[in-house]
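Peer 1: Just a sequence and a predicted model for now, questions to come.
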Amino acid sequence: MQVTTKAIVLTSLKYGDTSLIMKAFTASDGLKSYLLKGVLASKKGKLKTAYFQPLTQLEIVANHKNKGNLESIREAKVHYHYQSLHTDIAKSAMTQFLAEMLSNSIHEEESNQGLFEFLEASLQWLDTNEKVSNFHLIFLINLTKYLGFYPDTNDINTTCFDLLEGEFTDRPSLNPILTGENLNFFKTVLGTNFDEIHTIKMNKTNRQELLKSLVLYFELHLQGFRKPKSLAILNEVFS
């Protein structure tokens with residue numbers, strides 16, 4: 001079936017000498033993997049290698065057989081042209097990290113319009129704003145809304161957050177928990193939107209500790225989740 005849809009690139013892996021296998025989150029069908037034959041060798045083809053950088057927002061014409069195999073793309077064009085996402089060092093490191101987090105977190109091969117619109121709008125915000133050092137923290141917490149494990153905030157004024165149960169509590173258990181300064185920053189980030197991001201005053205140690213906790217939160221709630229390799233690079237850039 002031929003489909004015209006918006007798509008956000010998650011990963012591209014070299015296949016053979018001239019081809020790529022590209023994983024994308026599409027507006028029409030959720031997660032899809034495509035074999036892009038000969039794209040690395042072609043100078044004049046409709047598919048340009050630059051289109052398949054992490055988190056690029058495309059409009060594609062694709063053949064979807066929906067049989068669990070690699071699909072094919074007939075045409076692709078950039079839907080939203082980033083100004084800084086792939087050229088600014090800090091944003092580029094964040095892009096690599098978030099693309100890996102999304103690739104490890106999203107597995108549904110079905111349309112999820114809410115998630116697609118969240119990704120689309122968030123990445124455009126990141127592209128057009130300058131104070132972004134805490135962006136990934138707010139992004140990851142908001143992402144959990146669409147993945148089904150957003151923190152239960154009913155008892156937010158308590159002294160712990162249980163990462164396994166996903167709730168605030170005064171009763172510490174053997175589960176991994178957030179307490180103290182890390183908990184306070186977690187609560188702050190929970191109640192902040194992207195436009196207020198600059199109001200969160202966090203040093204590099206606080207930021208790294210909270211990010212480590214958030215990655216663990218994903219690990220505890222998503223079966224088969226792998227910790228991103230690009231985490232170390234991101235921490236290096238923001239230190």
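Peer 2: Yes, it's here.
Peer 1: What lies in contact with stretch 74-84?
Peer 2: Here stretch 74-84 makes contact (CB atoms under 8 Å, 6 or more residues apart in numbering) with 2, 6, 46-48, 51, 56-63, 91, 120, 124, 127-128. Yep, even glycine has a C-beta here, placed from its N, CA and C like the rest.
Peer 1: just the CA coordinates of the helix or strand hosting I233, formatted as PDB?
Peer 2: Counting by DSSP states H and E, the element that carries I233 is helix 231-237. What follows is helix 231-237 as a C-alpha-only set of coordinates in PDB (Å, rounded to 0.1, in the frame of the first residue of the first chain):
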ATOM      1  CA  LEU A 231      24.700   9.300  27.400                       C
ATOM      2  CA  ALA A 232      28.400   9.700  28.200                       C
ATOM      3  CA  ILE A 233      28.900  12.100  25.200                       C
ATOM      4  CA  LEU A 234      25.900  14.200  26.300                       C
ATOM      5  CA  ASN A 235      27.200  14.500  29.900                       C
ATOM      6  CA  GLU A 236      30.700  15.500  28.500                       C
ATOM      7  CA  VAL A 237      29.200  18.300  26.300                       C
END
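Peer 1: I'd like the average pLDDT over stretch 142-151.
Peer 2: Mean pLDDT, computed over stretch 142-151, is 96.
Peer 1: nope, stretch 27-41 is what I was after
Peer 2: 92.
Peer 1: Torsion angles phi and psi at L210?
Peer 2: Main-chain torsions, L210, degrees, to the nearest 10: phi -70, psi -40.
Peer 1: Quick check: it vs S92, distance?
Peer 2: The gap separating L210 from S92 is 21 Å, by CB to CB, to the nearest Å.
Peer 1: returning to that earlier point: quick one: contacts of the helix holding I233?
Peer 2: Residues contacting helix 231-237 (CB under 8 Å, 6+ apart): I89, A90, A93, M94, Q96, F97, H136, Q208, L211, V215.
Peer 1: ok so, going back, what about L210 and S92, which has more around it?
Peer 2: L210 (24 against 17; other CB atoms under 10 Å).
Peer 1: Quick check: closest non-adjacent residue to the more buried one.
Peer 2: F185 (5.1 Å; CB to CB, 6 or more residues apart in numbering).
Peer 1: now swap in E100 and tell me
Peer 2: P228 (3.9 Å).
Peer 1: ok so that neighbour is a helix residue?
Peer 2: No: read with DSSP: H, G, I helix; E, B strand; the rest coil, P228 is coil and lies in no helix.
Peer 1: about what we covered before: residue contacts, the residue nearest to L210?
Peer 2: F185 neighbours (CB under 8 Å, 6+ apart): I200, M202, N206, L210.
Peer 1: Give me the three-state assignment for the nearest residue to L190 once chain neighbours are set aside.
Peer 2: Once flanking residues are discounted, L190 sits nearest to I141: 6.1 Å by CB to CB, 6+ apart. Here I141 is helix, with the state taken from three-state DSSP.
Peer 1: how deep is I141 tucked in, by neighbour count?
Peer 2: So I141, with other CB under 10 Å, has 19 neighbours.
Peer 1: wait, isn't it in contact with V189?
Peer 2: Yes: using CB atoms under 8 Å, I141 is in contact with V189, at 5.9 Å.
Peer 1: Tell me the first helix or strand C-terminal of the top strand by length along the chain.
Peer 2: Across the chain, the longest stretch assigned as strand under DSSP state E is strand 2-15. As assigned by DSSP H and E, the chain's next helix or strand after strand 2-15 is strand 19-26.
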